[in-house]
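Peer 1: Got a predicted structure here, sequence first:
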Amino acid sequence: MSELIFERKIQQLHNRYVRIIDDDQLEQWPELFLADAEYQVTTRENHTRDLPLALMSCKGRGMMLDRITGLRKINVYEPHRYNHQISGLEISVQPAGSYHCVSNFLVVRIMHTGASMVFASGVYLDVVVLDTDGEYRFAQRKVITDSRQTDTLLVIPL
Amino acid sequence: MTADNNKNIWPNVDTTRIPYRLIHDDDIYRQEQARIFQGPAWHYLCLSVEVPEAGCFITTFIGETPIIVSCDDKGELHGLINRCKHKGALVAVESSGRASTLRCLYHGWSYHLNGDLRMVPFEKGIEGKGGMPAGFNKAEHGLTRIQIQSYAGVVFGTLGTDVENLETYLGPEMRAQFNRVFHKPVVVLGYYHQVMHSNWKLYMENARDAYHATILHAFYASFKLNRLTMGGGLVVNHSGWNTMNYSIGASVQDGYYDTNELRSVMADVGLADPTLLNHRLEFSDGITIAIQSIFPTCVHQQIYNTLAMRQVVPLGLNKTELHWTFFGYADDDPQLRQLRLQQANLIGPAGYVSMEDGVIGDYVQRGTAGDGVNKSAMLQMGGSSVESVTDSRANETTVRGFWQGYRTLMGQ
């Protein structure tokens, strides 16, 4: 029975991630991560060729908060939202008590004009741990986009 | 519309008024393909480290023409048009690869890495029946070679005939900047590919425009990474075709940004983790930002410790792909390498200081539609001249220079 609990909790973490971004509750986004967690967005092209360049790279909640500050106060871009479709979550229990997760994502981008497109698809490669306060959090989330192209710009985390 | 008619669309003899028709007219786009992309200009193709050994190749474009850059078995680089001599199919499809021959999928025609046609299946027919006619000579049907030249390990190509050599085209000022950055072996650290919904020329203007950088990109001015009030200059050569904007990070005079009511200065915004902006002074000249633009489609940037080439490829009248090649030095110590990769957060499609460039051309494209097609942009900051300037970067001379090159090649 206990195996089902962690599976459910990790699925909830994945769902919470989607809700927070799609509902524009981005100030809560860094709280889904450990304080020193890593978040990275890169392309399959860079990833399979072992090239270290990322589109976004945050080490720690501070850098994640700064991505949100950039989005809210500094950067300018045409208003838009995302709709994430996630699927296929697989969890692998690691000996040291962490969980490795793989899942698919597809993100539709909807502009304020109504124009809508498949903006990104790919996989999430995660390391999830049970934090000291009893919540499951990402120690690492690596976003690998299938396409090497970014349409216009990337400002909202994927 | 003929070239003669196109002359009439320019309101002024100089480049202080730029007709918006240039970004809305299919006929002009087609003429650009002929006069600029197949004309006497040098187009960035790749870094030589991307085709390091025999058998290596990359595929790219000059305008809409598909190009292969390959390294043959003697270690020599070739620029080849990526079109099978038989029926025109692409020969190499992947963006990069390694092969002993380049073989067209369609009928199996096979070429050496230098473009020579080495084998045609069933060339002699079957038991004497069919096959190519008696006069067919493979030596006459290799992949079309284009001129390529490298400077400091940066490879350029041209489809033009009668083009001055690359060193002359770059001129001493641009050669100096390539030598400054490419003074030791580089390694590619990754790529970005950014699709923008605007005409290619809008990006080329944007990348050499010092005026917008610290206004549109609020991150620059807010965190004092770049301000027009910093020491620096605008370098122009080859009658404006090539330019470089540079600034010296240590030297900021304040006051101007506050009195100009710019949104780009936000006194109350701070970074939760300012280590993002950690950098090392790599170049003894103290220049922290240098953006070099080689006409017509190449940008070479140093933004603090981020080094990259940016190549502009038109995908149509109002669609452009920008290919970024991010690099470092082979001898980077681990800390410097980490600084580069961390500062990559500043650039590219998700870049704190560059993301706005992805959309601003889109806004110009849309803002000039409808009745805008018969209007013009004004480029008068600093007057009307096209020349190097060191006393102020509140000046559009570098942008006027792009249009000077453009008018020359287009016969406008």
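Peer 2: Sure, I can see it.
Peer 1: any idea how far the closest residue to chain A within the stretch 101-250 of chain B lies from A:Ser57?
Peer 2: At 2.3 Å from chain A, B:Gly190 is the closest residue in the stretch 101-250 of chain B, using C-beta to the nearest C-beta. Yep, even glycine has a C-beta here, placed from its N, CA and C like the rest. Distance, B:Gly190 to A:Ser57, using C-beta to C-beta, to the nearest Å: 11 Å.
Peer 1: give me the element the residue of the stretch 101-250 of chain B closest to chain A is part of.
Peer 2: strand B:186-196 (DSSP states H and E).
Peer 1: Check the most far-flung residue of chain B relative to its centre and give its pLDDT.
Peer 2: For chain B, the largest distance from the centre (C-alpha atoms, centre = their mean) belongs to B:Glu127, which lies 52.4 Å off. Looking at B:Glu127, its pLDDT is 94.
Peer 1: Contact partners for it?
Peer 2: With contact set as C-beta atoms under 8 Å, 6 or more residues apart in numbering or on different chains, B:Glu127 has no partners.
Peer 1: Can you list phi and psi of it for me?
Peer 2: phi 50, psi 50 (degrees, to the nearest 10).
Peer 1: so which strand or helix has B:Gly131?
Peer 2: Under DSSP H and E, no helix or strand contains B:Gly131.
Peer 1: how many neighbours does the nearest residue to it once chain neighbours are set aside have?
Peer 2: Using C-beta to C-beta, 6 or more residues apart in numbering or on different chains and skipping residues adjacent in sequence, the residue nearest B:Gly131 is B:Gly125, 2.8 Å away. B:Gly125 has 10 neighbouring residues, counting by other C-beta atoms under 10 Å in any protein chain shown.
Peer 1: Quickly run through the sheet partners of the strand or helix carrying A:Gln40, with directions.
Peer 2: Following DSSP H and E, one finds A:Gln40 within strand A:33-43. If you go by DSSP bridges, strand A:33-43 pairs up with strand A:56-59 (antiparallel), strand A:136-145 (parallel).
Peer 1: Could you say which one of these comes nearest to B:Gly249?
Peer 2: strand A:56-59 (22.1 Å; C-beta to C-beta).
Peer 1: what secondary structure does B:Arg400 sit in?
Peer 2: helix (DSSP: H, G, I helix; E, B strand; the rest coil).
Peer 1: ok so, going back, what sits up against the following helix or strand past the strand holding B:Gly190?
Peer 2: Note on strand B:186-196: by DSSP H and E, the next helix or strand toward the C-terminus is helix B:200-207. Residues outside helix B:200-207 that contact it (C-beta under 8 Å, 6+ apart): B:22-23, B:196, B:212, B:291, B:293, B:295-297, B:299, B:310, B:312-314, B:320, B:322, B:357, B:360-361, B:364-365, B:399, B:402, B:406.
Peer 1: Show me what from chain A comes close to chain B.
Peer 2: A:41-43, A:45-46, A:51-63, A:65-66, A:69-70, A:73-78, A:148-155 (C-beta under 8 Å from any C-beta of the partner chain).
Peer 1: Among those residues, which are located in strands?
Peer 2: When DSSP state E defines the strands, the subset of those inside them is A:Val41, A:Thr42, A:Thr43, A:Met56, A:Ser57, A:Cys58, A:Lys59, A:Gln149, A:Thr150, A:Asp151.
Peer 1: Quick one: work out the angle between the longest helix seen in chain A and strand A:33-43.
Peer 2: The longest helix of chain A (DSSP state H) is helix A:2-22. Counting by axes from the mean of the first three to the mean of the last three C-alpha atoms, to 10 degrees, helix A:2-22 points 70 degrees away from the direction of strand A:33-43.
Peer 1: so which of the strands paired with strand A:33-43 comes closest to B:Phe156?
Peer 2: Nearest to B:Phe156, of the strands paired with strand A:33-43 and by C-beta to C-beta, is strand A:136-145 at 30.2 Å.
Peer 1: So what's the model's average confidence on the closest one?
Peer 2: Strand A:136-145 shows a mean pLDDT of 98.
Peer 1: follow-up on the earlier one: which residues does the strand holding A:Gln40 contact?
Peer 2: Counting by C-beta under 8 Å, 6+ apart, A:53-61, A:64, A:129, A:131, A:137-145, A:147-148, A:154, A:157-158, B:190-193, B:350 sit against strand A:33-43.
Peer 1: go again using 7 Å as the cut-off
Peer 2: A:54-61, A:64, A:129, A:131, A:137-145, A:148, A:158, B:350 (C-beta atoms under 7 Å, 6 or more residues apart in numbering or on different chains).
Peer 1: So how do I select the buried members of those residues in ChimeraX?
Peer 2: Remark: buried members of these, expressed as a ChimeraX selection using 16 or more other C-beta atoms under 10 Å in any protein chain shown:
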select /A:54,55,56,57,58,59,60,61,64,129,137,138,139,140,141,142,143,144,145,158 /B:350
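Peer 1: just checking, next helix/strand downstream of the helix or strand containing B:Arg30?
Peer 2: Here B:Arg30, judged by DSSP H and E, is contained in helix B:26-32. Downstream of helix B:26-32, the next assigned helix or strand under DSSP H and E is strand B:43-47.
Peer 1: Show me how far that following strand is from its chain's centre.
Peer 2: Offset of strand B:43-47 from its chain centre (C-alpha atoms, centre = their mean, to the nearest Å): 8 Å.
Peer 1: do stretch B:118-125 as well
Peer 2: Counting by C-alpha atoms, centre = their mean, stretch B:118-125 is centred 40 Å from the centre of its parent chain.
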